[in-house]
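**Q** I'll drop the sequence and a predicted model, then ask my questions.
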Amino acid sequence: MNILAIDTSNQLLGVALLKDNQVIGEVVTNLAKNHSVRLMPAIEKLMNEVDMTPDQLNKIVVAKGPGSYTGVRIGITTAKSLAWALNIPVVGVSSLEVLAYQGKFFNGLICPFFDARRGLVFTGVYQWQADQLTSVYEEKNMLMVDALEKLAEEGKEVLFLSPDIAIHQEAIVDALGDLAKIPEGPYHLARPANLALAGLDKEPGETHTLTPNYLRLAEAEANWRQAQKEKQQNG
């Protein structure tokens, strides 16, 4: 089985190809550049490098968020368009779940997160059990201080993984002390190869039903809905 994995859900742009569960190619950049311009050329270049053509693909796996609203939409739209054109299944995987794969050999709790500004984060808590990644706390958009308070109450070692680790590192250490485990830089970037593995055994649905997982409304949409609600109340 040949699988194409696509991740543009955050600043990182990642594309990987798996052939019979083996990674045969991977492209990763961590740059603040336009994903919409760079994604298809990255896919085309990688497929050329490994001598694979689109008609040889059997499945597409895409990171469905949370993360950057624009980035998530680019990845989802591209993955669905390719899947529809090639008549192959597409599977969406949580971007937080993919990041948690970086802690596969850690025995404690794993807390991947993305900064959501104003003290908020997109986060969840995972743990590897019997070679399976399981969800301990569901993914939420919440205040980092609340997430850290809950983890401190657990009294267990926690591995923190995030491309935004520098923003919250001081608060993490203050809240958990030695229980907080913060690895070096490369571990905080989700690998598209892990995305492919995460989606390997997930059952695909109908292509048109795959939707982004924002965990919260975009600010503009939230403001619009609030304005409409107030207009109805005052009308």
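**A** Perfect, thanks for sending it. Numbering: from 1, shown residues only.

**Q** number of residues surrounding residue 43?
**A** By other Cβ atoms under 10 Å, 18 other residues sit near residue 43. The C-beta positions use only the backbone N, C-alpha and C, and glycine is treated the same way.

**Q** pLDDT at the residue nearest the centre of the chain, what is it?
**A** Central residue of the chain (Cα atoms, centre = their mean): residue 95, 1.2 Å from the mean position. In this model, residue 95 is scored at 98, pLDDT.

**Q** that one contacts residue 124, correct?
**A** No: counting by Cβ atoms under 8 Å, residue 95 sits too far from residue 124 to count as a contact (10.3 Å).

**Q** quick revisit: the residue nearest to the centre of the chain and residue 9, how far apart?
**A** Distance, residue 95 to residue 9, by Cβ to Cβ, to the nearest Å: 4 Å.

**Q** which neighbours do these two share?
**A** 63, 64, 65, 66, 67, 72 (Cβ atoms under 8 Å, 6 or more residues apart in numbering).

**Q** now, among those, which is nearest to residue 165?
**A** Here the nearest of the shared contacts of residue 95 and residue 9 to residue 165, counting by Cβ to Cβ, is residue 67; it sits at 15.2 Å.

**Q** what is the neighbour count of that closest one?
**A** 29.

**Q** quickly find the element holding the nearest residue to it once chain neighbours are set aside.
**A** Leaving out its chain neighbours, the residue that sits closest to residue 67 by Cβ to Cβ, 6 or more residues apart in numbering is residue 9, at 3.6 Å. If you go by DSSP states H and E, residue 9 is not part of any helix or strand.

**Q** repeat for the one 4 residues further on
**A** Per DSSP H and E: residue 13 is located in strand 12-19.

**Q** ok and the helix or strand following that strand relative to strand 12-19, angle-wise?
**A** Counting by DSSP H and E, the next helix or strand C-terminal to strand 12-19 is strand 22-30. With axes from the mean of the first three to the mean of the last three Cα atoms, to 10 degrees as the basis, strand 22-30 and strand 12-19 are set at 170 degrees to each other.

**Q** name the residues that touch strand 22-30?
**A** 11-18, 38, 42, 45-47, 49-50, 52, 163, 189, 191-193, 196.

**Q** what sits against residue 102?
**A** Listed by Cβ under 8 Å, 6+ apart, the contact set of residue 102 reads 112, 161, 183, 187, 188, 189, 190, 191, 194.

**Q** which elements pack onto the longest strand seen in the chain?
**A** Criterion DSSP state E: the longest strand present in the chain is strand 132-143. Using 3 or more Cβ pairs under 8 Å, 6 or more residues apart in numbering; DSSP states H and E, the elements in contact with strand 132-143 are helix 95-100, strand 120-129.

**Q** now with 10 Å, please.
**A** Contacts defined by 3 or more Cβ pairs under 10 Å, 6 or more residues apart in numbering; DSSP states H and E place strand 132-143 against helix 95-100, strand 109-115, strand 120-129, helix 144-154, helix 192-198.
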